[in-house]
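*Asks:* Here is the input, now give the coordinates:
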Amino acid sequence: MTTLSAPARTAAVSHRPSFGRLMLSEWTKIRSVRSTVWSLAILVVLTLVFTVLFMEMGVANWDKSDASQQAAMRLDPTGTILGSGILLSQLAICVLGTMVIASEYSTGMIRASLLAVPKRVPVLAAKGAVFGLLVLAVGELTSFSSFFIGAPILHSKAPVAIGDPGVLRAVVGCGLYLSLLGLFALAVGAIIRHTAASITGVIAFVLVIAPMAKLLPGSVGEHVHGYLPTEAGYLITQQHPRTGDVLGPWQGLGVLALWTAVLLTVVKRRGTSDGRGKSSAGRHRVSFFGRWMQSMRSAVVGAI
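*Replies:* Below is the predicted model:
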C-alpha cells in the first residue's frame, strides 16, 4: 500500500491544473451563463441611456436650477456626466459580484470545481481575477462611452474635453472603481455564501449605511461617511475635489482597495481553514476505518 501511494500522489500533483487553466475554466463558466452576459450588456445600454436623459434634463432645466448647482456642474462636468449613470452601474455590479460566487455555494456547483482543485483558495483567486478583469473592461467601455456621449450634450453649459486636467484620470478611474467594487461584492458573497444575504449586505453599504453615516454629528460623521467603501471609491470619478471631501481621488480609491483586500484576506483564511478541517476529518475517517478493519481481522483470526 505504501509503495503505491507515492506514485499516486506524484501523479495527482503533476496533473493539478495551473492557475491559467483555472482562469480559463472560470471564464468559460461566466460567459456560458447567459444571464451574466445579458446583464452586463443591458448595464452598458441603460447607463448610456441614463447619461443622455440626465444630461438633456440638466441642459433643459439649466435656467431653473440654483446658482450653486450650476457652479457645481461647471466645476466638475466630468463627475456630473459619469455620476448620472454610475448609481445603476454600481448596483448592478454589486448584485453580479455576489451572485457569481454565492450562487455556486447555494446550488452546490462549487463542489464540481473542488473535485478538480481540492483547495478553495486557487479557485476563488481565479474567479476573482476573471470577474475583476471582466468588470474592468466593461467599466472602462461604459465610462468612456458615457463621457463622449454626455460631453457634447453638456458643452453649451459646461464645456469639457478629455484633455482637460483631471478628466482622463476620472474616466479611467470610473472603470477601476467598478472593478474594485465588483471584487468587494464577490468577497462578501464568498464570506456569507448565501445569495440573498450577500446581496442584502452589499446593497446595505451602498444605499443604507452611507446615508445613515451622514446623520452622525460633527467631524465623526464626516470621516465615517468618507471612509465607507463606496463613498471613498466614488471620489476617483470626480474631475476636481469638492467641498467637504475628506479624501482625495486616489486616496479614496486606495481606501476601497483596502476594504476589498481585507475581505479577500478573510476569504483566503476561511478557505484555508475549510480545507484543513476537511483534510483532518478525512484523516480521522481513514484512521477509524483502519482500526475497524484491524479489529475485524483479529476477530476473524480468533474465530478460526
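
*Asks:* what about R31, distance to R111?
*Replies:* In this view, R31 and R111 are 21 Å apart by CB to CB, to the nearest Å. C-beta here means a position set from N, CA and C on the backbone, and glycine is covered the same way.

*Asks:* count of neighbours near S198?
*Replies:* For S198, the tally of surrounding residues (other CB atoms under 10 Å) stands at 28.

*Asks:* so where do the helices sit in the stretch 1-150 of the chain?
*Replies:* Secondary structure of the stretch 1-150 of the chain (DSSP state H, counting those that start in this stretch): helices at 2-14, 19-32, 34-60, 67-75, 77-107, 110-116, 120-154.

*Asks:* closest to I203 out of those helices?
*Replies:* Nearest of those to I203, taken as CB to CB: helix 77-107 at 6.3 Å.

*Asks:* quick one: low-confidence ranges for the stretch 151-300 of the chain?
*Replies:* 271-300 (pLDDT under 70).

*Asks:* Swap in 80 and give it another go.
*Replies:* 243-244, 270-300 (pLDDT under 80).

*Asks:* so where do the helices sit in it?
*Replies:* Taking DSSP H, counting those that start in this stretch to define them, one finds helices in the stretch 151-300 of the chain at 167-192, 195-203, 210-213, 218-226, 229-234, 249-303.

*Asks:* which parts of the shortest one are buried?
*Replies:* This means helix 210-213. In terms of neighbour count (16 or more other CB atoms under 10 Å), helix 210-213 has its buried residues at 210, 213.

*Asks:* From the chain's centroid, how far away is that helix?
*Replies:* Here helix 210-213 is found 21 Å from its chain centre; the criterion is CA atoms, centre = their mean, to the nearest Å.

*Asks:* How about the fifth one?
*Replies:* When distances are taken as CA atoms, centre = their mean, helix 229-234 is centred 13 Å away from the chain's centroid.

*Asks:* Number the residues from 3 up from this point.
*Replies:* Shifting the count to begin at 3 puts that one at helix 231-236.

*Asks:* what does it rub up against?
*Replies:* Helix 231-236 is contacted by residues 88, 92, 179, 182-183, 186, 207-208, 212, 215, 227-228, 249, 253-255, 257-258, 261-262 when judged by CB atoms under 8 Å, 6 or more residues apart in numbering.

*Asks:* give me that answer again for 6 Å
*Replies:* Identification of contacts with helix 231-236 by CB atoms under 6 Å, 6 or more residues apart in numbering yields 179, 186, 208, 212, 227, 249, 254-255, 257-258, 261.

*Asks:* how far away is V174 from I164?
*Replies:* Taking CB to CB, one finds V174 at 10 Å from I164.

*Asks:* And those two? Which one has more around it.
*Replies:* Per other CB under 10 Å, whichever of V174 and I164 has more neighbours is V174, with 16 against 12.

*Asks:* list the contacts for the more buried one?
*Replies:* When contacts are counted by CB under 6 Å, 6+ apart, V174 touches no other residue.

*Asks:* Tell me which residues touch L218, please.
*Replies:* The contact partners of L218, taken as CB under 6 Å, 6+ apart, are V226.

*Asks:* Need the contacts of helix 231-236 in a markdown table (columns: distance to C96).
*Replies:* Shown next, in a markdown table, are the contacts of helix 231-236 (distance: CB to CB, whole Å):
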| residue | distance to C96 |
| --- | --- |
| Y179 | 12 |
| F186 | 8 |
| V208 | 6 |
| A212 | 13 |
| H227 | 18 |
| L249 | 21 |
| G254 | 18 |
| L255 | 17 |
| V257 | 17 |
| L258 | 13 |
| W261 | 13 |
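
*Asks:* Closest to V46 out of those?
*Replies:* Set against V46, the nearest of these by CB to CB is Y179 (15.8 Å).
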